[in-house]
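Q: The amino acid sequence is not available; the structure is as follows:
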DNA sequence: TACCTGACTTAGGAGCGGAGTG
DNA sequence: CACTCCGCTCCTAAGTCAGGTA
């Protein structure tokens, strides 16, 4: 996808040190204008929520008996998953055409045709791979006669199906309030019935209680399987997991479950195997649940333990850069990247099954370029590869001489497509890490570096610009972790709108200024006329108002531009120990609602409960 | 040891609704 | 009142990692 290619050209200076925040200071010096603060104060954050009442007394829950090894719960009862509605056949006046002729499709073929028709506005349907995959799978759903007739996708006319879909979407948008309310209430009833479970005496929200509806597979990037049919899941495909002695959920009328099991060493309530990739899908609890909360807390505790031995580990891998064993040297360089650049581990992937993306251990020679000297720095490594979700990682990083020499060595006599770390894989790396500290894996470094960066930045930044400081720190972490987003579809348009608004205001300002000058002149003529004096005041105000509005809009434009391709949410939700933010809020007397929305507060309820102002990550 | 798979976390995008604005 | 914009929720793909198996 074209949208996957961004250029976040961040150059960082590493010198001889390891810590990621170098990146951060760069970002800070570059990104912001001081006056943005005023603006941010004005827009604030969304809605202030009513005072937060935690669902849990976490301090108390923490005292609840811990179960023996591997046991996740003692009691689990739920209603099973909610299934999507059955397919509704096309009305008689909507036709599919092949080669110009109306063809009445069988129900199965018609349903799949509609999946495609609904996506006609999407870029996917212009892609060769998508079209071919779709056509292949669609033909499998056809009857023999249909398959004999329909042999060429380009002769298919889905126009009427597409138009029907567009009409439906429009109609839904145009619905009146009452009808919308009816639908909303019906949805709420489904949530009430299926959206909760009982787990060890607590009523918990389920995260995804709905079975994924059928459709065409939408992989990310150049996915070789894009367009394949994602089949409708039947109760007969679903495994139910619940507690012995609980009420077993009823399958839909006329159906049975694939299996009912009672496994309390796992956290899922139901699972099925998805047909495109053959992987398992699960129904699990909401992040606000005790089970997930405890796990989250554990994750950050492991990262905090890393803090206490990270110096030792860094020393160790610096030593290993000189190792006689090639595998140890490769491990050391990989670890250096993971630590300093917050790269992901990079498991091997089956070729041809997924888009071609890499992480640290799976980097290939073609993904880095070495420069003895570049832009005033020695030993620069240029990274350019597609990471998770086909998000481009582009970075030019000065590294130590020793790392640089090793990289040269690793690249000797290799083709661009060869593995950079040919002796290394994530298993080996993680095995080594866990020997250095129990529970340590590659991804802990991301959590650790993200959280410590937030904490340091918050400490460094002045208290005067509270909220702005927080956002800056958050943004620094997002840059570190390479959390990007596609610029909103309407980005250029809305940017242009904003610019033209600014232009209009500028003209108004010019006008207002000249009117003011005129008014002032008149006053000079008849100095004591109170009406004229009032006019001058009015004109002054008008000028001032214009200037303020221009300033505000310019800040808005800058802010929007800076955030164009940076996503803050991912790090906030997954990498930043919430206790850092909560303690900061308390110390700075910033209401928590300014930082976390409702579901974030729910997710971090455990941290809200336990965090004192003196918390240090 | 390599390989496979299950379980769980991390990820960006779509779509919706409500607030702000003219 | 219509329209735009933006944050939130939902959705599900795509990672990580460990444990079992050949």
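A: Received the coordinates, thanks. Remember, predicted model here, so these are calculated numbers, not experimental data.
Q: can we go C-alpha only for contacts and neighbour counts from here?
A: Will do.
Q: Is residue A:86 in a helix, a strand, or coil?
A: coil (DSSP: H, G, I helix; E, B strand; the rest coil).
Q: Against residue A:517, how distant is it?
A: 72 Å (CA to CA, to the nearest Å).
Q: Then residue A:127?
A: Noted for residue A:127: a distance of 61 Å to residue A:517, by CA to CA.
Q: Isn't residue A:543 up against residue A:513?
A: Yes: shown here, residue A:543 and residue A:513 form a contact pair, counting by CA atoms under 8 Å, at 6.1 Å.
Q: Pop out the phi and psi values for residue A:384.
A: In terms of degrees, to the nearest 10, the main-chain angles of residue A:384 are phi -150, psi 100.
Q: Show me the beta-bridge partners of it.
A: Counting by DSSP bridges, residue A:384 is bridged to residue A:394.
Q: Tally up the residues packed near it, please.
A: A count of neighbours around residue A:384, defined by other CA atoms under 10 Å, yields 17.
Q: show me the contacts for it.
A: A:367, A:368, A:392, A:393, A:394, A:395 (CA atoms under 8 Å, 6 or more residues apart in numbering).
Q: please redo it, this time with the cut-off set to 7 Å
A: By CA atoms under 7 Å, 6 or more residues apart in numbering, the contact list for residue A:384 reads A:367, A:368, A:393, A:394, A:395.
Q: what's the distance between it and DNA strand C?
A: Using CA to the nearest atom of the strand, to the nearest Å, we find residue A:384 at a distance of 15 Å from DNA strand C.
Q: buried sites along the helix or strand containing residue A:459?
A: Per DSSP states H and E, residue A:459 falls inside helix A:442-460. Neighbour counts over helix A:442-460 (16 or more other CA atoms under 10 Å) mark A:442-455, A:457-458 as buried.
Q: For residue A:192, state which of these is nearest.
A: residue A:447 (35.0 Å; CA to CA).
Q: Next one: that closest one from residue A:334, what distance?
A: 17 Å.
Q: Check residue A:231 too.
A: 40 Å.
Q: Look at the two and report which has more neighbours.
A: Taking other CA under 10 Å, residue A:231 and residue A:334 do not tie; residue A:334 has more neighbours (27 against 16).
Q: Determine the three-state secondary structure at the more buried one.
A: Once three-state DSSP is applied, residue A:334 turns out helix.
Q: Quick check: it touching residue A:363?
A: No: assessed by CA atoms under 7 Å, residue A:334 is found out of contact with residue A:363, at 9.6 Å.
Q: Residues of the stretch 501-617 of chain A that sit close to DNA strand B?
A: Counting by CA under 7 Å from any atom of the strand, the stretch 501-617 of chain A comes close to DNA strand B at A:567, A:570, A:571, A:574, A:575.
Q: Now that we have those residues, can you turn them into TSV and tack on pLDDT?
A: Shown next, in TSV, are those (pLDDT from 0 to 100):
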residue	pLDDT
A:567	88
A:570	92
A:571	92
A:574	93
A:575	95
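Q: got those as CSV, with neighbour count columns?
A: Output for these, formatted as CSV (neighbours: other CA atoms under 10 Å):
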residue, neighbour count
A:567, 19
A:570, 14
A:571, 23
A:574, 15
A:575, 25
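Q: can you tell me which of those lies nearest to residue A:215?
A: Using CA to CA, these come closest to residue A:215 at residue A:570, 26.7 Å.
Q: Apart from its neighbours in sequence, what residue is nearest the closest one?
A: residue A:483 (6.9 Å; CA to CA, 6 or more residues apart in numbering).
Q: Near that neighbour, how many residues? Count them for me, please.
A: 19.
Q: for residue A:507, same thing?
A: Around residue A:507 there are 12 residues (other CA under 10 Å).
Q: Next one: it from residue A:537, what distance?
A: 20 Å.
Q: quick one: low-confidence parts of the stretch 451-600 of chain A?
A: Scanning the stretch 451-600 of chain A for pLDDT under 70 picks out the ranges A:462-465, A:489, A:525-528, A:551-552, A:555-556, A:558-559.
Q: can you pull out the strands in it?
A: Assigned by DSSP state E, counting those that start in this stretch, the stretch 451-600 of chain A shows no strands.
Q: That one against DNA strand C: which residues are in contact?
A: A:490, A:493, A:494, A:495, A:497, A:498, A:560, A:596, A:597, A:598, A:599, A:600.
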